[in-house]
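Trainee: A predicted structure for the sequence below; I have some questions about it.
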Amino acid sequence: MTKFYYIEEQYRLPNSIVIAVIAICVVPFILQLIGGDFGNAVHSSSSQLSSMPPLTTDDMFYRLSGGFTHALLEWTAFSAAIFVVLLAFCHYSITNDITTPVIGVALFCAGAMDAFHTLAATRLISAIAENKDLIPFTWALSRVFNAIIMIAGVGIFLSGRTINPKNGMKFIVLTSLIFASIGYLLIYFSATSDSLPQTQFPDSIIRRPYDIIPLILFLIAGLFVYPLFAKRYPSIFATALLLSALPEVAVELHMAFGSQRLFDSDFNIAHFLKIIAYVIPLIGLVLDYVQTYKSQIKHHEDLQHSHEKLNIKAFELDRINYRLIQSNAELEKFAYIASHDLQEPLRKIQAFGDRLHKRIESSADEKAIDYIDRMQKSSTRMRSLIDDLLKFSRVGSEDYAFKDTDLNMVLTNVLDDLHVSITEKKAVINIDKLPTILGEKSRLYQVFLNLLSNSLKFAKADEFPIITITSQQVLVENRKYWQIKVQDNGIGFEQEYADKIFEVFQRLHGRSQYQGTGIGLAICKKIVEKHNGMIYVESELDKGSCFILLFEV
Amino acid sequence: MREDLKLISIHMCDDDPDDQLLVSDALDEARLGNIIDFTSNGKELFQYLNREGDYAHLVDKPLPGLILLDLNMPVMDGREVLSKLKQNEKFRSIPVIVLTTSKAEEDIARSYGMGVNSFIIKPVSFENLVDMVRTVTDYWFHLVSLPKK
């Protein structure tokens, strides 16, 4: 039970408002108990008036003070209803929540009925029925209508059916039309009936039995309908609606059990409390706005904060990236300069080694000749290492000029240059139709030259090499790539070395077995990466290797 | 004829004493009798050509018939030497061969642009150096006709 009435903190009304509402509902009653009177003075009946001297304007106003008070109180309530419906539509335009405008319209229709009652009471509109019956009847009517339409307006949303937000406006218009039509029909009926039922019974305990109906209805609304609504569609407005049941009930208590005649103390208190009943939903809507606005500001601030954080992160990343690029470029430059400068002394070692070799040749010291031979071989090897390192660093540091490059042409050049070795080894080379990609021709030539030379070099001793080059389009992470496969039937290697072979100077065989420094595939990888591509290998020992290249389409 | 040739001297401007020694050895190895002398930067080269300072005593000797020029040198480098030589009335008819370790395209293009006669990358092995010296002298001292001073 307590859970049913529990309202989450963010949808609560401020305590001060709740306390104030309770106080406003109770204090007039207490004041009345201790002798306070909020009623308007009674004036003699119209039959006596004729014998009295003519009335001054002041007299007329004094006599009508009850009516004025009533009209002002009613109209204030109606005004509040107008504001509620306006704010409710504003609320809808911001939040797209259709409950507010529908309930707002219901509340407004109730207010319109109050307005009709007021206009009847002030004789601004005349009806067929007698005024003595019309005024109390329209009051009772407006009260019953008020209770029913509010339960109906809120009840629509409790049926469990959800309304598609796209049809929101249609739904609002439809319910508004229904509410307004019912209201209008009732007004029309009241204004055109010639006899209206009696609604006031000053001598019984329940002086206005017709007010018992709205009393019960408002009790049902306050105890079941509104709380259920506040549970389903929690908002400050829903909470306010729930709270508004309190003054509504108080109104009916004063009217049903207190008021003996028009404009007496209970009558005025009831009318005053009715204003409160309209004002509370209005406050609810206003507070909803305040809350929405505040949360938006907070949201905005949070966004800005995270935006700033992101900016800082992006800036840091930029800086790290810049530093990386710089250090990479420096490294490549360093490798170039270092290897370039290393060549110079090496050239001297070789040249003077040659001189020494020449001079010692004639002597019989074979050991000395052997030593010098080994030195010479080492320096030759060092020279090729440095040369390769230089090539490798150039591949990485130099700028590439990308153009549409026909790989068929590239392969034709490669085959031309490998002609001797292909013929020597009796190699069979099958090449598919290859695509045209964006790249630098001379570099791509280098890649395929290295790959094909490797395939020829690492051919099996007892089999003629067969090299097959195929191409197809593939999707990698939603990007289109040309996949080019270079498959051979050579000696292959174990797959665990697949990454190692792309590293600089990494070799899987002894130098005496196969020549080379181990730079070829490293250069291939570097070139392919410079083309924003990828290269990897699938291989099996004694079965052959398949180099797979990916280039962006 | 042979006696005439011996009179043609070669000058090498290179800051590397090893290279000076190797070229000198290569000339001997090729059994070419040409006199070769050396300076180690552009400034010295111009003193030598103008017979100034340390080279004043050479005032009566003829100018060299061929200059081997290194590019990277301290004080005044080969590039500056080239542009000065080719602007000089007296020296611009002397054939200049750039002999350097630089393989940079830019150096090659620039050198020819400034009127160098040949651009040769220093050979790695001594044998190749001997071949080079033989070819160069054969070409410049036998094959082509040069203006008589």
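Mentor: Structure received. Numbers count the residues shown, from 1 in each chain, chains lettered A, B, ... in the order given.

Trainee: quick check: B:Ser83 vs chain A, distance?
Mentor: Distance check for B:Ser83 against chain A: by Cβ to the nearest Cβ, to the nearest Å, it reads 25 Å. For glycine as for every other residue, the C-beta is placed from the backbone atoms N, C-alpha and C.

Trainee: roughly how far is the helix or strand hosting A:Ile149 from the heart of the chain?
Mentor: Take DSSP states H and E as the rule and A:Ile149 turns out to sit in helix A:131-155. Relative to its chain's centre, helix A:131-155 lies at 45 Å (Cα atoms, centre = their mean, to the nearest Å).

Trainee: dump the residue contacts of A:Arg232.
Mentor: With contacts taken as Cβ atoms under 8 Å, 6 or more residues apart in numbering or on different chains, A:Arg232 has the following neighbours: A:Phe157, A:Leu158.

Trainee: low pLDDT regions in the stretch 101-250 of chain A?
Mentor: When residues are selected by pLDDT under 70, those of the stretch 101-250 of chain A lie in A:131.

Trainee: how many neighbours does A:Ala106 have?
Mentor: Around A:Ala106 sit 28 other residues, with neighbours defined as other Cβ atoms under 10 Å in any protein chain shown.

Trainee: what helices or strands is the helix holding A:Ile149 leaning on?
Mentor: Other elements packing on helix A:131-155 under the criterion 3 or more Cβ pairs under 8 Å, 6 or more residues apart in numbering or on different chains; DSSP states H and E are helix A:99-121, helix A:168-192, helix A:212-220, helix A:236-253.

Trainee: which of those helices sits closest to A:Ser379?
Mentor: Each of the helices and strands packed on helix A:131-155 was scored for nearness to A:Ser379 using Cβ to Cβ, and the closest is helix A:168-192 (87.3 Å).

Trainee: other residues contacting that closest one?
Mentor: In this structure, residues lying in contact with helix A:168-192 by Cβ under 8 Å, 6+ apart are A:92, A:96, A:98, A:101-102, A:105-106, A:109, A:112-113, A:116, A:120, A:125, A:127-129, A:134, A:137-138, A:141, A:145, A:149, A:152-153, A:156, A:163, A:196.

Trainee: filter those down to the buried ones, PyMOL style.
Mentor: To isolate in PyMOL the members of the contacts of helix A:168-192 that are buried, counting by 16 or more other Cβ atoms under 10 Å in any protein chain shown, one can use:
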select buried, chain A and resi 92+98+101+102+105+106+109+112+113+116+120+127+129+134+137+138+141+145+149+152+153+156+196
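
Trainee: where's residue 68, which helix or strand?
Mentor: Went with chain A since none was named. For A:Phe68, the enclosing helix or strand under DSSP H and E is helix A:65-95.

Trainee: hmm, I had chain B in mind actually
Mentor: strand B:66-69.

Trainee: looking just at contacts, which helices and strands does that strand meet?
Mentor: Checking 3+ Cβ pairs under 8 Å, 6+ apart, strand B:66-69 ends up next to strand B:10-13, helix B:78-87, strand B:96-100.

Trainee: quick one: list the elements packing against the last one.
Mentor: In this structure, strand B:96-100 packs against strand B:66-69, helix B:78-87, helix B:105-113, strand B:118-121, with contacts taken as 3+ Cβ pairs under 8 Å, 6+ apart.
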